[in-house]
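In: Curious how this folds, go ahead:
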Amino acid sequence: MLRAAVSLLLVLAGAAGPALAQAPAAARTVLVLSSERSDLPSVPDFDRGLRQGLAGPDIDYFIEYLDFGRFPGGAQAQAMARYLRERYAGRTVDVLVAFQESALEFVLAQRGALFPGVPVVGAGVERQSVDGRTLPSGVTTIPVIYDYRRTLELALRLQPKASEVLIVHGVADYDRRRGEEARQAAAGFAPGLASRVLTGVPLAGVEEAVQRLPGNAFVLLVSMVRDAEGKALVGQDYAARLSAVSPVPIYGTFGSHVERGTLGGAITDFGEIGRATATVVAAALAGKPAPGSIAVEVPETPLRVNWRALEKWNIPPQRVPAEAQTLFRELGVWEAHRDFVLATLAAVLVQAALIAGLVVQLRRRQSAEAAARQAEATLRLAVDALPIAVIMVNQGGVIVFANPPADKLLGYGEGGLAGRPLDRLIPERLRSAFGGPGDVFMTASKRELAARRKDGSEIPVEIVLNPIESGIQRLALVAIVDQSARHELQRKQQELEHITRVATMGQIAASLAHELSQPLAAILANSQAGLRFLKSGKGDLEELRAILQDVVEDDKRAGEVVDALRSMLRRGKTESARLDAALVVRDVLALLHSELIAQQVEVTTALAPGCLTLANKTQMEQVVLNLVMNALDAMRPRPADERWLHIEVARGERTVRIEVRDSGVGIPPDELGKVFDAFWTTKSSGMGMGLAICRSIVGGCGGDIEVTPNRQGPGVTFAVTLPCATG
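Out: Modelled structure (predicted):
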């Protein structure tokens, strides 16, 4: 990193830290001028690194944002010059830091009028803007490199079949310079890799173009300080939007790109540039002359890869270069269970000692055997002490030994598993999928399946396979974790959800009967009319066709009510699918149509289209139905002309929001925090589980549910927030 690159500068500066400590008590002033606004991620990263390097009570630190990306041109430069002249008229600036090219050019043009003779450090400037240029005395730079070529190399390493790259950048001067560098890097980069540039269009247009990319392409996201509509953009926002809709991987330039879903790239670290700048500033404050036009040579930018994006695009981790930093990798079983990892490592080390003893046996048989009996005893003691079930399997799939928890879990008694084939523990229907010893047992993996006990019963388990290599044979340690309690908890939760749905249906049974009676009565009336029509002998076929069409429509209406009721009462697995939240609301309101009329409730809706989320339809209908039924109960004491219900479905940037607002009696403020607790209810006949189940369902979908008092008038608003469906 840059810290190594500035080590020589520390020597030249003559240990600037002590020099500063011996300076007069008066504070020294450092003024930073940033080319861009403060919300661009590179700016706070640089600012943070510089502040860390200059930390101390004898430094007065100021930073100003020139915002040339949003306000380009001479008028903005003149306005900022007047502002700085007035603001710092009575203060002596000891060192001036210009961050990025636009700020440096501004300082060079205004230095004589604003800060004559003040040492200037141009930080994070483009190397080509410095090479071959003679800078004024007292001006030095710390260049920055945007290594698009290494990003392209990484992309082809991870996607060897890619044949097209789309280079995306904005319309600000900074964006155009970065885009031209990327275009030059891609030109003739590799045979068979076509490149094209997308710029001069609004962000929405960029999203549409990215969505149409073929599967053999990828995106190189450069910079978008401003789009074609003049909108000021932030890297973390446009990177997140494009990553959410792109059918192919996206590679970025900055750390904020990787944080919001891009696959990775050669990432420019402005925090390191800030820390390097602090060293140069410290030397200047100590009176050391500038080392030249370039103070520090910038090393190669680090490669960074987003583990989550690797999994999203099914890219094998072994394609990642060894020198790349892998970010956001979730802890595996070994990392998450540290104690177990340490115990297993101890067993592996002991086994390594055993293997070494076997090698020595070729030369000194007796001494090697003694060392091997002691190692085996130690290994058994280590494995026996583990609190979970562990067995060791040889290359032929035979259990070498098992600890007591394994014997007990699988019902074999102490020592009963040793010598048995591992296949005996796998149900026959799963053996073909599980594979043979040579295919699976010797590869580190984690999976869930059913284990067969000695009496033939099955239990759900999670197993972790860890290979052990020796010079003689290959072994595997198998850790087995009983999942029965977790599965039973899931089964009971599903049963409770079903009971709650049945109870809710019972509450509106009369309304459902009325909802069915209307189409059935209409069918009967139309059928009787048709019979009378035929009996009369009249020959008007159009009239008879109209009667039969009415019968068909009424039958469909009755069938829809029955289907909705059957769905709500159905048991079974809660499988998730892409679901339109507005359609769920419409189905629930159709089911409660008669109930709403009977209770004289005025219903209004605002249902935005295309609000898709990943959830189970029956469960989400249960959530909305429960919220509406609670609202009806809360409005029952109110006068009929004051009962209203408003349901709204809207989509945010990455979420879908469902709001149910009523004009009921409300909830006391001190009880708002209890409404989602199990067995808490205000109803004399309620179970107190409805809202608790709603929270469980929504939380299982990765969402959240909350309740707040209405801002105006009585009643409360329940809000359900769910992640948008992607892909």
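
In: can you tell me which residues contact the nearest residue to L33 once chain neighbours are set aside?
Out: Computed as C-beta to C-beta, 6 or more residues apart in numbering, the closest residue to L33 that is not its neighbour in sequence is A103, at 4.6 Å. For glycine as for every other residue, the C-beta is placed from the backbone atoms N, C-alpha and C. Counting by C-beta atoms under 8 Å, 6 or more residues apart in numbering, A103 makes contact with 33-35, 66, 68, 122.

In: Would you format those as JSON lines with neighbour count and distance to T262 included?
Out: Converted to JSON lines, the contacts of A103 look like this (neighbours: other C-beta atoms under 10 Å; distance: C-beta to C-beta, whole Å):
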{"residue": "L33", "neighbour count": "24", "distance to T262": "30"}
{"residue": "S34", "neighbour count": "26", "distance to T262": "24"}
{"residue": "S35", "neighbour count": "26", "distance to T262": "24"}
{"residue": "L66", "neighbour count": "24", "distance to T262": "28"}
{"residue": "F68", "neighbour count": "25", "distance to T262": "26"}
{"residue": "G122", "neighbour count": "28", "distance to T262": "29"}
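
In: Give me the distance from the strand or helix carrying the residue nearest to L33 to the chain's centre.
Out: Using DSSP states H and E, A103 maps to helix 101-114. Counting by C-alpha atoms, centre = their mean, to the nearest Å, helix 101-114 is centred 42 Å from the centre of its parent chain.

In: now the helices: where do they sit in the stretch 601-727 of the chain?
Out: Assigned by DSSP state H, counting those that start in this stretch, the helices in the stretch 601-727 of the chain fall at 617-635, 690-700.

In: Go through the last one and flag the buried ones.
Out: The reference is to helix 690-700. 690-698 (16 or more other C-beta atoms under 10 Å).

In: Check which helices and strands that helix sits against.
Out: Applying 3 or more C-beta pairs under 8 Å, 6 or more residues apart in numbering; DSSP states H and E, one finds that helix 690-700 contacts helix 484-507, helix 617-635, strand 704-709, strand 716-723.

In: How far does that helix sit from its chain's centre?
Out: Worked out by C-alpha atoms, centre = their mean, helix 690-700 lies 22 Å from the chain centre.

In: With the first one instead?
Out: When distances are taken as C-alpha atoms, centre = their mean, helix 617-635 is centred 30 Å away from the chain's centroid.

In: As CSV, could you dump the C-alpha coordinates of that helix?
Out: Written as CSV, here are the backbone C-alpha positions of helix 617-635 (Å, rounded to 0.1, in the frame of the first residue of the first chain):
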residue,chain,number,x,y,z
LYS,A,617,-48.6,-16.4,-1.3
THR,A,618,-50.7,-18.0,1.4
GLN,A,619,-48.5,-16.6,4.2
MET,A,620,-48.6,-13.1,2.8
GLU,A,621,-52.4,-13.3,2.4
GLN,A,622,-52.5,-14.4,6.0
VAL,A,623,-50.5,-11.3,7.0
VAL,A,624,-52.7,-8.9,5.1
LEU,A,625,-55.9,-10.7,6.2
ASN,A,626,-54.8,-10.5,9.9
LEU,A,627,-54.0,-6.8,9.6
VAL,A,628,-57.4,-6.0,8.0
MET,A,629,-59.4,-8.1,10.5
ASN,A,630,-57.6,-6.3,13.4
ALA,A,631,-58.5,-3.0,11.8
LEU,A,632,-62.2,-4.1,11.6
ASP,A,633,-62.2,-5.1,15.2
ALA,A,634,-60.6,-1.7,16.2
MET,A,635,-63.2,0.3,14.2
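
In: and that helix, what does it pack onto?
Out: For helix 617-635, the packing partners by 3+ C-beta pairs under 8 Å, 6+ apart come out as helix 484-507, helix 541-569, strand 577-580, helix 581-591, strand 644-651, strand 655-662, helix 690-700, strand 716-723.

In: again, 7 Å this time
Out: In this structure, helix 617-635 makes packing contacts with helix 484-507, helix 541-569, helix 581-591, strand 655-662, helix 690-700, judged by 3 or more C-beta pairs under 7 Å, 6 or more residues apart in numbering; DSSP states H and E.

In: one step back: toward the C-terminus from the helix holding A103, list the very next helix or strand.
Out: Sequence-wise, the next helix or strand downstream of helix 101-114 (DSSP H and E) is strand 120-126.

In: Check which helices and strands the following helix or strand past that next one is in contact with.
Out: Proceeding N to C from strand 120-126, the next assigned helix or strand is strand 139-144, under DSSP H and E. Contact here means 3+ C-beta pairs under 7 Å, 6+ apart; on that basis strand 139-144 packs against strand 120-126, helix 270-285.
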